[in-house]
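Asks: sequence and computational prediction follow.
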Amino acid sequence: MDQLSNGETLRVKASDPGFYEDVKAWATMSGSTLLHLERITGGIIEAVIAKNSVQPVSDSPIHDPASTMVVFSGDLDKAIASLIIANGAAASGRKVTMFFTFWGLNVIRKHQMQPVSKTMIGRMFDMMLPRGSKKLGMSKMNMFGVGPKIIRGLMKNNNVPSLEELIESVVAQGAELVACQMSMNLMGIQREELIDQVTIGGVGYYLGEASQANHNLFV
Amino acid sequence: MDQLSNGETLRVKASDPGFYEDVKAWATMSGSTLLHLERITGGIIEAVIAKNSVQPVSDSPIHDPASTMVVFSGDLDKAIASLIIANGAAASGRKVTMFFTFWGLNVIRKHQMQPVSKTMIGRMFDMMLPRGSKKLGMSKMNMFGVGPKIIRGLMKNNNVPSLEELIESVVAQGAELVACQMSMNLMGIQREELIDQVTIGGVGYYLGEASQANHNLFV
Amino acid sequence: MDQLSNGETLRVKASDPGFYEDVKAWATMSGSTLLHLERITGGIIEAVIAKNSVQPVSDSPIHDPASTMVVFSGDLDKAIASLIIANGAAASGRKVTMFFTFWGLNVIRKHQMQPVSKTMIGRMFDMMLPRGSKKLGMSKMNMFGVGPKIIRGLMKNNNVPSLEELIESVVAQGAELVACQMSMNLMGIQREELIDQVTIGGVGYYLGEASQANHNLFV
């Protein structure tokens, strides 16, 4: 759509039933006009979209909507959900800040052990907690590690990006991943042990971002 | 109150201690004036409310406040909490969108098995996951299914609507229940297996609704 | 900073890596100017801040930002996270409302048994649920009560206030703690059993506060 000139139209067909509502939502958000939307035979949905020559003045008082998420959980399923939402939000032009705290730090740990000197407590957490996104368990139906394998397999079969790809793409779209300083201190986790895309900040930083956002989740 | 003419007053007595704060909040939200609020003998609270002849101009910049919820959890207690909040929000005039994803899909499954052809994975999830709101377990104190029976009994004794009634009433109040397309695909759940009041949408649809809302929860 | 006259500057040094981002965020939120920010030797960060002689007109349309939290969980780790966020929000001038519901009521129960007459159900919950913040378990790594001891020890060693101190300080900063009337009824919990700083309200009261807030979490 970015390549489309003003006034030009775009015809799209899709077989995904969710497309029907999604294209309406997308048109509203992007200020485009949905000229035509129809369920045609065989479950196919056809949409014709026009890029508006003049951006409609939004009657929403919230400029530059932004999203923040506190990722407290270290469960694979919740991490996937939060990153799918974050990718969608970034794709629709929102500023996205993800604040990883407590067990959520496990999502952004490097997979390899790092040569850092750790306190005894740090070594204990290191031993007991999953090192990185590939080791995360599920909040339900973990089944001693079979659950995560099933979910990852299903995502692959359905062409859903993996958790690791979702992290890459949300960063590529400009989202900010922030590791909670206090949680790092408590658990004896050091900067080198976290993936490079992460910055470090406190709850004050998170709240500063949240004060600009209307969409704030705790996961 | 809708039947009340401008300037008319309404006298209310209640024995519920929560009424004291609730009536203040309600008056603020509805633009009514609380002329009198007093704790009288025997734990009774008396309020006198006047419908304003002129709606006060709100100094809040957020017009038409809306609420969205991502219902990720399939736990009975969290489902009840989310639907009580959703009913309250709809009752106070908010547009409410509930987006059921991952385990949350169990809340909106039909109770009866449906004659749909399923993949092997779909059959596996079908077997392992609770089919519908009446089969949900608790996040705590599930006690092999005794916990849900206790909570449901307590709700009945306290005249709190059941989870199934809460779903009916929130839909009757205009809330929108959206099933996450991607989760349905992953788990092999088909449209026919979900209650009729549900529409299907993607994360894009959810985010479109959230961009109009100041109150967004992840449950 | 409140004591600082307009135009005066303040020089701060800190060894906490999170300070780098936090001071930027704080300056933005408070309308101060960050004249200088530098990482100097030994991991020390130096900042020079000027209080502005004229408060910049905020281009954010959200006046008087407020925060609400539904504290549904009774887990120690989630309670700590919610109260750290609440303290930060209150410290930055936000109105904060915490709505304790379901298992979250355990966070605000008094530690001592109270001489109230209870129904059989009330006695049952009393027996099975942790009485007060000091008895809370963890959502992960509870290890039969060893986990909470470790976390509390770590917080002490890192000069993080305890959960009980966080509750005291958030109230001292003007935050409002609200106990959910309906949950109290269901669980047979009475006013006398909750800490004195708490008020009682319904979901209507919570939603009234949320309608003024842009930052609303469900924990």
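Replies: Looks like it came in fine. A quick note: this is a predicted structure, and the numbers were derived from the prediction, not measured. Numbers count the residues shown, from 1 in each chain, chains lettered A, B, ... in the order given.
Asks: when you work out contacts or count neighbours from here on, use the C-alpha atoms and nothing else.
Replies: Noted.
Asks: from the contact counts, what lies against the longest helix along chain A?
Replies: Looking across chain A with DSSP state H, the single longest helix is helix A:76-91. Contact partners of helix A:76-91 among helices and strands, from 3 or more C-alpha pairs under 8 Å, 6 or more residues apart in numbering or on different chains; DSSP states H and E: strand A:66-71, strand A:95-100, helix A:163-172, helix B:203-210.
Asks: and the ones you listed as a markdown table, adding distance to residue A:15 and mean neighbour count?
Replies: Putting the helices and strands packed on helix A:76-91 into a markdown table (distance: least, C-alpha to C-alpha, whole Å; neighbours: other C-alpha atoms under 10 Å in any protein chain shown) gives the following:
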| stretch | distance to residue A:15 | mean neighbour count |
| --- | --- | --- |
| strand A:66-71 | 30 | 25 |
| strand A:95-100 | 30 | 26 |
| helix A:163-172 | 24 | 18 |
| helix B:203-210 | 16 | 24 |
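Asks: which one of these lies closest to chain C?
Replies: Closest approach to chain C among these (C-alpha to the nearest C-alpha): strand A:66-71, 9.2 Å.
Asks: related to what we said a few turns ago, I'd like the helices and strands packed on helix A:76-91 as a markdown table, with mean pLDDT appended.
Replies: Formatted as a markdown table, these follow (pLDDT from 0 to 100):
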| stretch | mean pLDDT |
| --- | --- |
| strand A:66-71 | 97 |
| strand A:95-100 | 98 |
| helix A:163-172 | 97 |
| helix B:203-210 | 95 |
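Asks: which of these sits closest to residue B:114?
Replies: Taking C-alpha to C-alpha, helix B:203-210 is the member of those nearest to residue B:114, at 26.1 Å.
Asks: right, is the helix or strand following the closest one up against chain A?
Replies: Per DSSP states H and E, the first helix or strand lying C-terminal to helix B:203-210 is strand B:215-218. Yes. Residues of strand B:215-218 contacting chain A under C-alpha under 8 Å from any C-alpha of the partner chain: B:215-218.
Asks: can you list the strands that strand B:215-218 pairs with?
Replies: strand B:66-71 (parallel) (DSSP bridges).
Asks: for the residue in chain A sticking out farthest from the centre, give its distance to residue A:203.
Replies: Centroid-distance maximum for chain A: residue A:41 at 34.3 Å, with C-alpha atoms, centre = their mean. Between residue A:41 and residue A:203 the distance is 53 Å, computed by C-alpha to C-alpha, to the nearest Å.
Asks: so, low pLDDT: which residues of chain A?
Replies: Residue ranges of chain A with pLDDT under 70: A:1-9, A:25-33, A:51-64.
Asks: wait, what's in contact with the residue of it found nearest chain B?
Replies: Nearest residue of chain A to chain B, counting by C-alpha to the nearest C-alpha: residue A:18, 4.3 Å away. With contact taken as C-alpha atoms under 8 Å, 6 or more residues apart in numbering or on different chains, residue A:18 is in contact with B:181, B:200-202.
Asks: which residues touch the longest helix of chain A?
Replies: Applying C-alpha under 8 Å, 6+ apart, the contact partners of helix A:76-91 are A:67, A:69, A:71, A:73, A:95-96, A:107, A:133, A:136-139, A:148, A:163, A:166-167, A:169-170, A:173-175, A:219, B:102, B:203-204, B:207.
Asks: in chain A, what residue is nearest chain C?
Replies: For chain A, C-alpha to the nearest C-alpha, closest residue to chain C: residue A:201, 4.3 Å.
Asks: my guess is that residue meets residue C:24, correct?
Replies: No. If you go by C-alpha atoms under 8 Å, residue A:201 and residue C:24 don't touch, sitting 10.4 Å apart.
Asks: neighbour count for these two, which is higher?
Replies: residue A:201 (25 against 19; other C-alpha atoms under 10 Å in any protein chain shown).
Asks: what's the spacing between the closest residue to that one other than its chain neighbours and residue C:44?
Replies: Leaving aside its sequence neighbours, residue A:201 sits nearest to residue C:18 (C-alpha to C-alpha, 6 or more residues apart in numbering or on different chains; 4.3 Å). Going from residue C:18 to residue C:44 by C-alpha to C-alpha gives 11 Å.
Asks: residue A:105 too?
Replies: As judged by C-alpha to C-alpha, residue A:105 and residue C:44 stand 24 Å apart.
Asks: neighbour-wise, which of the two wins?
Replies: Neighbours per residue, other C-alpha under 10 Å: of residue A:105 and residue C:44, the larger number sits with residue A:105, 27 against 15.
Asks: now do the contacts for that one.
Replies: By C-alpha under 8 Å, 6+ apart, the residues touching residue A:105 are A:72, A:74, A:179-180, A:183-184.
Asks: now those: which count as buried?
Replies: Buried by 16 or more other C-alpha atoms under 10 Å in any protein chain shown: A:72, A:74, A:179-180, A:183-184, out of the contacts of residue A:105.
Asks: let me have those residues in a markdown table, extended by distance to chain C and secondary structure.
Replies: Shown next, in a markdown table, are the buried ones among the contacts of residue A:105 (distance: C-alpha to the nearest C-alpha, whole Å; DSSP: H, G, I helix; E, B strand; the rest coil):
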| residue | distance to chain C | secondary structure |
| --- | --- | --- |
| A:72 | 8 | coil |
| A:74 | 10 | coil |
| A:179 | 9 | strand |
| A:180 | 8 | strand |
| A:183 | 10 | helix |
| A:184 | 10 | helix |
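Asks: just to revisit the earlier point, so what's the residue of chain A closest to chain C up against?
Replies: Taking C-alpha under 8 Å, 6+ apart as the contact definition, residue A:201 lies against A:178-181, C:17-22.
Asks: which ones among the residues you listed are found in strands?
Replies: Judged by DSSP state E, those include A:178-180 as members of strands.
Asks: mind putting these into CSV with distance to chain B?
Replies: Listed next are these as CSV, based on distance: C-alpha to the nearest C-alpha, whole Å:
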residue, distance to chain B
A:178, 19
A:179, 20
A:180, 20
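Asks: could you export these as a markdown table, including distance to residue A:192?
Replies: Compiled in a markdown table, these are given as follows (distance: C-alpha to C-alpha, whole Å):
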| residue | distance to residue A:192 |
| --- | --- |
| A:178 | 14 |
| A:179 | 12 |
| A:180 | 14 |
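Asks: so residue A:38 belongs to a strand, correct?
Replies: Yes. Under DSSP: H, G, I helix; E, B strand; the rest coil, residue A:38 sits within a strand.
Asks: bridged to it, which residues?
Replies: Residue A:38 has these beta-bridge partners by DSSP bridges: residue A:46.
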